[in-house]
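Engineer: Have a look at this prediction, sequence included:
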Amino acid sequence: MTVRRTTTALVLVSALATGACAGVGSKGNDSGGSSGGAAEGKPSGSLNIMGFGGEDEVAQARITAFQQAYPQVKVTHNKGDFDAQQFLTALSSGNPPDLVYMDRNLIGTYAAKGVVEPLTDCVKQQSIDTSQYRPAAMRSVTYKNTVYGIPEFYIVQVNLVDAKSLQQAGVDPSAIQTKDWGALEKTATQLYKHSGNKIQRVGYDPKLPDSFPLWALINGAQLVKEDGSPNLDDPKAVEALDYGVKLVKDQGGWTSFKAFRDSFDIFGDTNPLTKGTITAFPMENWYVNVLRDSIPAGLKLAATQITDRSGNPVSTLGGSTWAIPKGAKNPTAACAWMKTMTSTETWMKAADARIAKVQKDKSFFTGLFTANTKADEQIRAKYLKAAPDPGFDQAIKEFYATLDKASALNPSPAGAEIDAAWKSAVARALGGQPAQQALGQAQKEAQAAFDKASRG
Amino acid sequence: MAELVTPRPPLEEPAPGPSASSRKGPARARSPRGRGTVQGRETRAALAFISPWILGFLVFTAGPMLVSLVLSFTDYSLVGQTHSVGVDNYRQLWEDPRVRQSLANTFVYAALFVPIGTVVALGLAMLLAGVGRASGFFRTAFYLPEMTPAVAAAALFLLLLNGQTGLVNTVLGWFGIDGPNWTTDPAWLKPSLAVVSLWSMGGTIVIYLAALKNVPRQLHEAAMLDGAGPIRRFFNVTLPMISGAVFFTVITNTIAALQMFDQAYTMFYGPQQKATASDASLVYMVYLFQNAFQFFKMGFASAMAWLLFVIIMLITVVQLRVGNRVVYYEGDTR
């Protein structure tokens, strides 16, 4: 009886435990479908896009522009953001989308793995002028001298400041700077407010772990070398992490600091700058458009440029890209889409739509930051007027002034692992591990992944 | 099931005569031909009824399992060429410190969740068993969280357990208790995961409630006549009588705990959280997922899955060995 009961239970266990294994089944050697490299002929048929929500007026205007240019192409796109699991399983099952929209920092890894197609033919066939895009954006979609993506948005950072809290504390906005780290620490401590173990206001949030590449850059270190190999234990990176951890420690310590930060309503009227729960932090350009709605709630915005320790403006660079997956069935339409969506003419139509929305909302334009230099210049010249709020006006100007100062992490075949390694290291350092040790371990893990990825 | 319908052997010594095999049942003795027809029909019907499950199991579970076993000996990365790598992936399991760490985290979580979950679910089931009026409402209310997606529950608990502004610490503060940073302090990450998992104990509660309802009232009455108090009756009557249900839920909850993914991923590795996740929250299935879909190491992830399978199997065998000594089964002849 015991044997029978045991057997029954083991069958049960097998059925339950296999959830761990069953999810990793696969098709086999190669993802199906033909190469999407060629982009010849007139675009037609259906175009299936993954990772592109396309719900706001800027996206809708550009979708309309494409549909007017290519009415014979039927466009379908899921409403969600890019999901690596969804994308890779689609590829593995031989049913890839025709086009994918993702973060530019993924391109290196995906290009090295052969997940996305080189766009050499596409650029040639559709006569895409790659010189119209910002060099830093092109750099982030180029792997081993081959272009794998067409860049779209362009995300840079400046320090955004709650001017009201700053004024009440008697601190000049110029004190929010990243050149003199000692002075910044002093300012952050001065602005920090708490009651017992409960934080009431963060003085300056270095935005770790996410912004660690920015702090490394401020201190003169690149986390990924030109050849794509990791450089995580660079002494300047270690020093930057030490400093960031110290800033957090001065303001309640990591566990309380993060819990406090987790409670922020970033997109609402009770966002931290309006509510006065944070005085300053490095933030991206898109956020000004969000903050604009908080002016009636009493937000007084200010902004300062982020500089390196010599005083030169710096910023990390983010943004999205279009790419054609391996095995895409309609590369011709995909290529036409990439060209259309990122062309100067289409961006101008998007800007028209944004202005119409702004006028309808009785608000003001905060800029449209694209990876297309010409489009940016034309949009700025045609639509960007002095904002009625001087703080916003200053912030917008600071963002525009930063555009050409930004640099992205170099593409790497082990980009995902390097990313995971430094994030984990920063989290460990914030948790108490010495920065040198945390980044040393991260460097070992990332280097091993890079060596393996480079061997192919 | 056959055991339940087979007549028990007589208590007295069997009389000499036909062998044991020929005395098993009246139908067999009377009509072997009829027996074959009836049994055959019943067998075919039974197979027809369970065939959807068998088919599903073969196609969606056993098949992928076998494929993943094969993949675990390759460098399969979802795309590109696949090569055999022998036992390299299994060797790497021993060399990767994050495998050890994620396993340790998972064991700690399971060691917290399974006993606490069992006690909490049993306590709630006993309360429910004692409810007279509106019992249906309370049963539904306790089972409802089971219907809530784990992701939604985890997102909700991220707010409730926030160490600075969360409701849990606010309430603790009323009693002068300075609550911890549940979701950010590495020491509290696994306990907070266990707390979130307790939210969906509805299934276990229902099983315990059914088991409690089946405890014969006369056993309690007899124990009371013998002077046993409530605690004595619980340990000497109730617990032995529901030990089968407890044993079953401990096994299934252990398996579920070792495979925990949703809550940990949502709370610490989702799009908003992944950059700040502490290694203390890295459970095994999250690391397996990262390897499979973020690092393209599907072969290695398959090896990880098989290691977990073996671990679960071993733990279950130990549980069965221990459990069979203490669990009471109705109709057991031991």
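Structural biologist: Perfect, I can see it now.
Engineer: Show me which helix or strand of chain A is least confident by mean pLDDT.
Structural biologist: helix A:19-22 (a mean of 44; mean pLDDT, DSSP states H and E).
Engineer: List the buried residues of the helix or strand that comes right after that helix.
Structural biologist: Using DSSP states H and E, the next helix or strand after helix A:19-22 towards the C-terminus is strand A:45-50. Within strand A:45-50, the residues scored as buried using 16 or more other CB atoms under 10 Å in any protein chain shown are A:47, A:48, A:49, A:50. (Glycine included, C-beta is placed from N, CA and C.)
Engineer: Closest to the mean position in the chain, which residue would that be?
Structural biologist: Picked chain A for this. By CA atoms, centre = their mean, chain A has its centre lying nearest to residue A:318, at 4.4 Å.
Engineer: actually it's chain B I care about, not the one you picked
Structural biologist: Residue closest to the average C-alpha location in chain B (CA atoms, centre = their mean): residue B:252, at 1.8 Å.
Engineer: And what about that residue, helix, strand or coil?
Structural biologist: Following DSSP: H, G, I helix; E, B strand; the rest coil, we place residue B:252 in the helix state.
Engineer: how close does the nearest residue to residue A:51 once chain neighbours are set aside sit to chain B?
Structural biologist: Nearest non-adjacent residue to residue A:51, counting by CB to CB, 6 or more residues apart in numbering or on different chains: residue A:82, 3.2 Å away. Residue A:82 is 10 Å from chain B, where distance means CB to the nearest CB, to the nearest Å.
Engineer: which residues touch residue A:82?
Structural biologist: Listed by CB atoms under 8 Å, 6 or more residues apart in numbering or on different chains, the contact partners of residue A:82 are A:50, A:51, A:100, A:101, A:102, A:103.
Engineer: I'd guessed the first one sits against residue A:88; true?
Structural biologist: No: taking contact to mean CB atoms under 8 Å, the distance of 10.8 Å between residue A:50 and residue A:88 leaves them out of contact.
Engineer: May I have the longest helix along chain A exported as CSV, CA atoms only?
Structural biologist: When chain A is parsed with DSSP state H, its longest helix is helix A:435-455. Backbone C-alpha positions of helix A:435-455 (Å, rounded to 0.1, in the frame of the first residue of the first chain) are rendered in CSV as follows:
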residue,chain,number,x,y,z
ALA,A,435,31.4,49.2,-3.8
GLN,A,436,34.7,47.7,-4.8
GLN,A,437,33.7,44.2,-3.9
ALA,A,438,30.2,44.5,-5.5
LEU,A,439,31.5,45.9,-8.8
GLY,A,440,34.5,43.4,-8.8
GLN,A,441,32.0,40.6,-8.6
ALA,A,442,29.8,42.2,-11.3
GLN,A,443,32.9,42.6,-13.5
LYS,A,444,33.7,38.9,-13.2
GLU,A,445,30.2,37.8,-14.1
ALA,A,446,29.9,40.3,-17.0
GLN,A,447,33.3,39.5,-18.4
ALA,A,448,32.5,35.7,-18.3
ALA,A,449,29.2,36.4,-20.2
PHE,A,450,31.0,38.7,-22.7
ASP,A,451,33.7,36.1,-23.3
LYS,A,452,31.1,33.5,-23.9
ALA,A,453,29.0,35.7,-26.2
SER,A,454,32.1,36.8,-28.1
ARG,A,455,33.0,33.2,-28.8
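Engineer: Which elements pack onto it?
Structural biologist: In terms of contacts (3 or more CB pairs under 8 Å, 6 or more residues apart in numbering or on different chains; DSSP states H and E), helix A:435-455 is packed against helix A:235-250, helix A:415-430.
Engineer: Same list, the contacts of residue A:82, but as JSON lines with pLDDT please.
Structural biologist: Shown next, in JSON lines, are those (pLDDT from 0 to 100):
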{"residue": "A:50", "pLDDT": "94"}
{"residue": "A:51", "pLDDT": "92"}
{"residue": "A:100", "pLDDT": "95"}
{"residue": "A:101", "pLDDT": "95"}
{"residue": "A:102", "pLDDT": "93"}
{"residue": "A:103", "pLDDT": "92"}
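Engineer: Which of the residues you listed sits closest to chain B?
Structural biologist: Using CB to the nearest CB, residue A:103 comes nearest to chain B of the contacts of residue A:82, at 11.1 Å.
Engineer: Could you give the bridge partners of that closest one?
Structural biologist: Judged by DSSP bridges, the bridge partners of residue A:103 are residue A:320.
Engineer: wait, isn't it in contact with residue A:317?
Structural biologist: No: using CB under 8 Å as the test, residue A:103 is too far from residue A:317 to be in contact (11.3 Å).
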